[in-house]
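Build me a model:
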Amino acid sequence: MVTDLEPFSRAKERKILDIALDHTRKIEESVIHIVESVTAWINNDTAGINAAIESVKELEEEADKLKRQMIRSISGTQLETRQDLLRLVFKVDSIGEYVEGAAFYLDFIKNWRPPPKMISMIETLLKKVLACVSDLKNAVRALGTDVNRAIKLADQVDKTETIVDGIFRSLTIELYQLEEMDPKFLMEIREFFERIETIADRAEDASDAIRIIAVTHGG
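Here you go, the predicted model:
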């Protein structure tokens, strides 16, 4: 198997990949801030929650600008990977939608504190979700230098996403075992956890697009 390929040597393709990497970085930053907001919530730090959520909103706006820039760049080309690059940018961008959704639901539940056992599970969930997005970013970076590494990182995203699924299921079981919980409020808490979990799902979707691009160019 050939390694260290330079599949995107032409200037236009390189520019598009650079924008894709900037876009993915912004999405990763927004995930970091939602993790910070949840940590602040666990620590009963209202100011920290609000500051992190505000940062999420700002980063989403910046990511949207990069998405539009990338779409314009791709639309004006006849690249072999044109459709796959468009698929990648939309899949990565969908992560930001779930980050915003998590921030929305956090505002509803921020006055509730989970029990210690759930806190430990939440912290592990956050760590693994962030790992998914970080590996995704590194896979996008690797597309321009070593497509085989990009594939390996995409595979790692899939493996971590499977772990996230298991943590989410366990967390849901713990949630439903809580006593004297208003059913409507319980569902709002679950919706919050589900938005966090779905960030990893969308990262896995984006990793599929990365594999297609990498294989097209000799991975």
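
for the longest helix seen in the chain, packing partners?
Ranked by number of residues, the top helix in the chain under DSSP state H is helix 183-216. Where contact means 3 or more Cβ pairs under 8 Å, 6 or more residues apart in numbering; DSSP states H and E, helix 183-216 is packed against helix 11-42, helix 82-109, helix 116-142, helix 147-176. All C-beta spots, glycine's among them, are computed from the backbone N, C-alpha and C.

Just say helix, strand or coil for the residue lying farthest from the centre of the chain.
For the chain, the largest distance from the centre (Cα atoms, centre = their mean) belongs to E180, which lies 33.5 Å off. Here E180 takes the coil state, with states given by DSSP: H, G, I helix; E, B strand; the rest coil.

wait, doesn't E36 sit right on N50?
No - counting by Cβ atoms under 8 Å, E36 sits too far from N50 to count as a contact (11.2 Å).

Do me a favour and average the pLDDT over the longest helix of the chain.
Computed over helix 183-216, the mean pLDDT rounds to 94.

So for D165, what's the nearest residue that isn't a sequence neighbour?
Nearest residue to D165, sequence neighbours excluded (Cβ to Cβ, 6 or more residues apart in numbering): E197, at 7.1 Å.

For that neighbour, list the residues it contacts.
L125, V129, V164, D165, I167, F168 (Cβ atoms under 8 Å, 6 or more residues apart in numbering).

hmm, back to that, neighbour count: E36 and N50, which is higher?
E36 (19 against 14; other Cβ atoms under 10 Å).

re earlier: for the helices and strands packed on helix 183-216, give me CSV that also has mean pLDDT.
Listed next are those as CSV, based on pLDDT from 0 to 100:
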stretch, mean pLDDT
helix 11-42, 91
helix 82-109, 92
helix 116-142, 96
helix 147-176, 96
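
and Q78, which of the three is it?
Going by three-state DSSP: Q78 is coil.

Quick check on it: phi, psi?
Dihedral pair for Q78: phi -120, psi 40, per degrees, to the nearest 10.

ok, now the one 3 residues further on?
Reported as degrees, to the nearest 10, the phi and psi values for T81 are phi -100, psi 10.

and it, how many neighbours?
23.

For the closest residue to it other than its chain neighbours, the count of nearby residues, please.
Nearest residue to T81, sequence neighbours excluded (Cβ to Cβ, 6+ apart): I213, at 5.3 Å. Look at I213: counted by other Cβ under 10 Å, it has 26 neighbours.

Give me the residues contacting stretch 20-30.
Taking Cβ under 8 Å, 6+ apart as the rule, stretch 20-30 contacts 55-56, 59-60, 62-63, 66-67, 70, 85, 88-89, 92-93, 95-96, 99, 133-134, 136-137, 140-141, 143-144.

If you could redo that for stretch 66-77, that was the one I meant.
By Cβ under 8 Å, 6+ apart, the residues outside stretch 66-77 that reach it are 12, 15-16, 19-20, 22-23, 26, 82, 85-86, 89, 93.

ok, of the residues you listed, which come out buried?
I16, I19, A20, D22, H23, K26, L85, V89, D93 (16 or more other Cβ atoms under 10 Å).
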